[in-house]
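Trainee: Fold the following and give me the result.
(one chain, ligands or ions: 2)
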Amino acid sequence: MTDAPRSDPFRLALVGPPNCGKTALFNALTGARQKVGNYAGVTVERKAGAFVTPAGQRIELIDLPGTYSLRARSPDEIVTRDVVLNHHPDEPPPELMLVVVDSVAPRAGLRLAMELLATGLPMIVVLNMIDIARHRKIEIDTAALSDELGVPVISSSAVRKGGLEMLRAQIDTTLAFGLPEPGPNLWTPPDAADLRLSHRAADRLIDRAITHPPEYDSLTHRIDRVLLHPVFGLGFLLVLLFVMFQAVFAGAAPFMDLIDAGFAALAETITAVLPAGLAQSFLTDAVIGGVGGVIIFLPQIVILFLFILLLEDLGYMARAAFLMDRIMGGAGLHGRAFIPLLSSFACAIPGIMATRVIDNPRDRITTILVAPLMTCSARIPVYTLIVSAFIPARQIGGIISLQGLVMFGLYAAGIVSALVVSAVAKFLFARRIPSPPFMLDLPDYKVPRPRSVAIALWTRAAAFLRRAGTTIFSMTVVIWVLATFPQPPVGATEPAILYSLAAKIGQVIEPVLAPIGFNWQISVALIPAMAAREIAVAGLATVYSISDTGGDAALATLLASQWSLATALSFLVWFIFAPQCISTLAVIRRETGSAKWVWVSVGYMFALAWSAAFVTYHLAVALGWG
Ligand SMILES: Nc1nc2c(ncn2[C@@H]2O[C@H](COP(=O)(O)OP(=O)(O)OP(=O)(O)O)[C@@H](O)[C@H]2O)c(=O)[nH]1
Ligand SMILES: [Mg+2]
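Mentor: Ligands and ions are numbered 1, 2, ... in the order given. Prediction:
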């Protein structure tokens, strides 16, 4: 037995099948705030954190994507395999594995534990979610499991107070006795027959050590009889999405008014205190008009994220994927594409990363190509601004807001075009290759915990505000400078902004965008908006408030008086398709490992954006909305 703690940290890794609570354990042990969710494939990257055991031993803990076997197929599983089998030359292998097993559905985890024994690495088997198992009166004989496997087996609950005590104590015990030298690595990729055999071995283990109460008609099964019903289930999903977008639009309105009033008061104070001039213009036009004009959308973004987080934690995501499988399959999308695409409603970047759960490279690339068409939260400010400026705030039938309906239509347009593009891609490239069958574990429903939802919501709201304070702010400053300088010559008769560099740049680009009804002000806002879509709003706000000499009219009012409905519609359609986000393109480059797919994305999306906007604009003009 060694007495003093080792000075350099021990390297421990969390390994286990998807959705067994590895990240929840990681967060609970290290105090990190990595994303957890009640569906398979939440973690797709390796993440490291640190903590100190009760005995004072420093630990470096690695959280890994879930996998059923080291015979990795999809890119996320390969991450796990490479850490466990030490395929990274510059990273030492883990010294101890914490093999996490879902106590309620232990088969996959126990089978994996048996497979991992062959790697020769020491391990502790952690029966997680023991709180649920106890609640269901599932009896687990950990001593028997430990005897059979020949390794320590303890139980834990990542979400209950005191649920980690045994795990911490066991880590100390294992380390105090000195880790055994890793045995020889005898692991070989199991084939189908090996897997069948080892599943049977896992079943024997379960028979010996785990007793289930007879006939447990769980709440999950009862709920699923309705929610997975081919007709009611799909109806429920549609109603749910509809309510979600109505809530995003209508529920946020009072809060947005409040923020708006706050900024208006601030602008008034500034105009009263500072003399008219560059400083006043910078603060009111760039900072308040531009950045403030984006921050106003925080309530909508928070409501959208709240819905997504609740659905993720409840365990509804995998059900929605199951319901959509037929429809998506018809469009040539893999069933596993659903969760990445739904995540893209928040932001295409995590959405594209989530495609790592798709093992077939062709299916994965198709999903990556269409993910940016889903309406990400950065489009919310753009859509809301134009919708509130041009669509009357009427109620249909007294309950459904017309503006909310148009928003819903914009989201639907993104979804439908993603389906069409993937169908075309399938038709062009892969007509004869059948898609493999879709298998996705349906997790048990879990009541979301308010604390973790609140933390996750705060993390996302903070990220939005940080973006407003950094990327959006700096781009807005650039636009303000361009729109302010050079200043008009003495005795100039035209509006000052027409002498600025921005006007000159806008006029150069205008010929390309004039056929789709865009003026030079829009052209000026679009280029910096490549850094983030919200900048289009901040940019328009800055340009229009610099040129607005009449006072402090809201941007929506200004736009309504300056743009035709045809231009507004064309602008909306442009933002459905245009690849206005450099970060997304960078992630496509990284995840596909080639610049080719970046060019394919940029090319098809700009082409689609321009032609769809062209058709929309001319159709609208023909209808007399020019
Ligand atoms: N009741 C209960 N819920 C838990 C426990 N551990 C995790 N959960 C929940 O189970 C779900 C899955 O947890 P994650 O930590 O995301 O699972 P994971 O193993 O990291 O999943 P992947 O990253 O997809 O492989 C989440 O909804 C957690 O809140 C537990 O001990 N008890
Ligand atoms: Mg995880």
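Trainee: Quick check: the gap between residue 405 and residue 612.
Mentor: Using Cβ to Cβ, to the nearest Å, residue 405 is found at 20 Å from residue 612. For every residue, glycine as well, the C-beta is placed using N, CA and C.
Trainee: Tell me the residues on the stretch 251-400 of the chain that lie near ligand 1, please.
Mentor: residue 313 (Cβ under 6 Å from any ligand atom).
Trainee: can you give me the strands for the stretch 51-200 of the chain?
Mentor: For the stretch 51-200 of the chain, strands defined by DSSP state E, counting those that start in this stretch occupy the ranges 58-63, 96-102, 123-128, 139-140, 153-155.
Trainee: Any part of the fourth one near ligand 1?
Mentor: Spelled out, that is strand 139-140. No - judged by Cβ under 6 Å from any ligand atom, strand 139-140 makes no contact with ligand 1; its nearest approach is 13.5 Å.
Trainee: Who are the packing partners of that strand?
Mentor: strand 210-211 (3 or more Cβ pairs under 8 Å, 6 or more residues apart in numbering; DSSP states H and E).
Trainee: Show me what the strand it packs on is packed up against.
Mentor: Under the contact rule (3+ Cβ pairs under 8 Å, 6+ apart), strand 210-211 is packed against strand 139-140.
Trainee: For residue 92, list the residues it contacts.
Mentor: Going by Cβ atoms under 8 Å, 6 or more residues apart in numbering, residue 92 touches 11, 86.
Trainee: Can you check the pLDDT for it?
Mentor: Predicted confidence (pLDDT) for residue 92: 88.
Trainee: same question, residue 431
Mentor: Residue 431 carries a pLDDT value of 60.
Trainee: now do the one 5 residues further on
Mentor: Predicted confidence (pLDDT) for residue 436: 61.
Trainee: quick one, which of the strands of the stretch 51-200 of the chain is nearest to ligand 2?
Mentor: Closest approach to ligand 2 among those is made by strand 58-63 (6.1 Å; Cβ to the ion).
Trainee: List the buried residues of the closest one.
Mentor: Within strand 58-63, the residues that count as buried by 16 or more other Cβ atoms under 10 Å are 59-63.
Trainee: which one of the residues you listed sits closest to ligand 1?
Mentor: residue 63 (6.9 Å; Cβ to the nearest ligand atom).
Trainee: Just list whatever residues bridge to that closest one.
Mentor: Residue 63 forms beta bridges with residue 14, residue 47, as assigned by DSSP bridges.
Trainee: re the thing from before, can I get the strands of the stretch 51-200 of the chain in JSON lines including mean pLDDT and distance to residue 370?
Mentor: Listed next are the strands of the stretch 51-200 of the chain as JSON lines, based on pLDDT from 0 to 100; distance: least, Cβ to Cβ, whole Å:
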{"stretch": "strand 58-63", "mean pLDDT": "96", "distance to residue 370": "29"}
{"stretch": "strand 96-102", "mean pLDDT": "98", "distance to residue 370": "32"}
{"stretch": "strand 123-128", "mean pLDDT": "97", "distance to residue 370": "35"}
{"stretch": "strand 139-140", "mean pLDDT": "96", "distance to residue 370": "44"}
{"stretch": "strand 153-155", "mean pLDDT": "97", "distance to residue 370": "43"}
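Trainee: any chance of the ones you listed in CSV, plus distance to residue 347?
Mentor: Below are the strands of the stretch 51-200 of the chain laid out as CSV (distance: least, Cβ to Cβ, whole Å):
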stretch, distance to residue 347
strand 58-63, 21
strand 96-102, 28
strand 123-128, 29
strand 139-140, 40
strand 153-155, 37
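Trainee: What is the burial count for the residue in the stretch 251-400 of the chain positioned nearest to ligand 1?
Mentor: The nearest approach of the stretch 251-400 of the chain to ligand 1 comes at residue 313, 5.3 Å away (Cβ to the nearest ligand atom). Using other Cβ atoms under 10 Å, residue 313 is surrounded by 21 other residues.
Trainee: what do you get for the one 5 residues further on?
Mentor: As a burial measure, the neighbour count of residue 318 was computed by other Cβ under 10 Å and equals 21.
Trainee: and the closest residue to ligand 2 within the stretch 201-350 of the chain, what helix or strand is that in?
Mentor: For the stretch 201-350 of the chain and ligand 2, the shortest gap (Cβ to the ion) falls at residue 312, measuring 11.9 Å. Element membership for residue 312 (DSSP states H and E) is helix 298-314.
Trainee: Quick check: residues of the stretch 1-150 of the chain near ligand 1?
Mentor: Within the stretch 1-150 of the chain, the positions adjacent to ligand 1 are 16, 18-24, 36-38, 40-43, 65-66, 128-129, 131-132 by Cβ under 6 Å from any ligand atom.
Trainee: Check those residues one by one and keep those near ligand 2.
Mentor: Residues of those in contact with ligand 2 (Cβ under 5 Å from the ion): 22-23, 42-43.
Trainee: where does the stretch 501-626 of the chain dip in pLDDT?
Mentor: 549-553 (pLDDT under 70).
Trainee: measure the nearest residue to residue 614 once chain neighbours are set aside to residue 101 for me?
Mentor: Excluding its sequence neighbours, the residue lying closest to residue 614 (Cβ to Cβ, 6 or more residues apart in numbering) is residue 516, at 5.0 Å. Distance of residue 516 to residue 101, computed by Cβ to Cβ: 57 Å.
Trainee: sorry, back to before: so the residue of the stretch 201-350 of the chain closest to ligand 2 touches residue 38, yeah?
Mentor: Yes - contact criterion Cβ atoms under 8 Å: residue 312 and residue 38 qualify, at 6.3 Å.
Trainee: Those two: which is more packed in?
Mentor: residue 312 (23 against 20).
Trainee: Tell me which residues touch the more buried one, please.
Mentor: Contact analysis of residue 312 by Cβ under 8 Å, 6+ apart lists 37-39, 42.
Trainee: try residue 458
Mentor: Counting by Cβ under 8 Å, 6+ apart, residue 458 makes contact with nothing.
Trainee: Among the ones next to ligand 2 among the residues of the stretch 1-150 of the chain next to ligand 1, which one sits closest to residue 415?
Mentor: Among those, residue 42 lies closest to residue 415 (Cβ to Cβ), at 22.4 Å.
Trainee: which SS class is the closest one?
Mentor: Classification of residue 42 using DSSP: H, G, I helix; E, B strand; the rest coil returns coil.
Trainee: Which pair of the buried residues of strand 58-63 spans the longest distance?
Mentor: The farthest-apart pair in those, when distances are taken by Cβ to Cβ, is 59 and 63, at 12.6 Å.
Trainee: so what secondary structure elements neighbour the helix or strand hosting residue 412?
Mentor: Taking DSSP H and E as the criterion, residue 412 maps to helix 402-429. Applying 3+ Cβ pairs under 8 Å, 6+ apart, one finds that helix 402-429 contacts helix 232-246, helix 317-330, helix 361-370, helix 379-390, strand 395-396, helix 565-577, helix 595-622.
Trainee: tell me the angle the longest one makes with helix 361-370.
Mentor: Put plainly, it is helix 595-622. Here the directions of helix 595-622 and helix 361-370 differ by 40 degrees (axes from the mean of the first three to the mean of the last three Cα atoms, to 10 degrees).
Trainee: now helix 595-622 and helix 565-577, what's the angle there?
Mentor: Taking the same axes, to 10 degrees, one finds helix 595-622 and helix 565-577 inclined to each other by 160 degrees.
Trainee: Report the buried residues of helix 595-622.
Mentor: 597-598, 600-601, 604-605, 608-610, 612-614, 616-618, 620-621.
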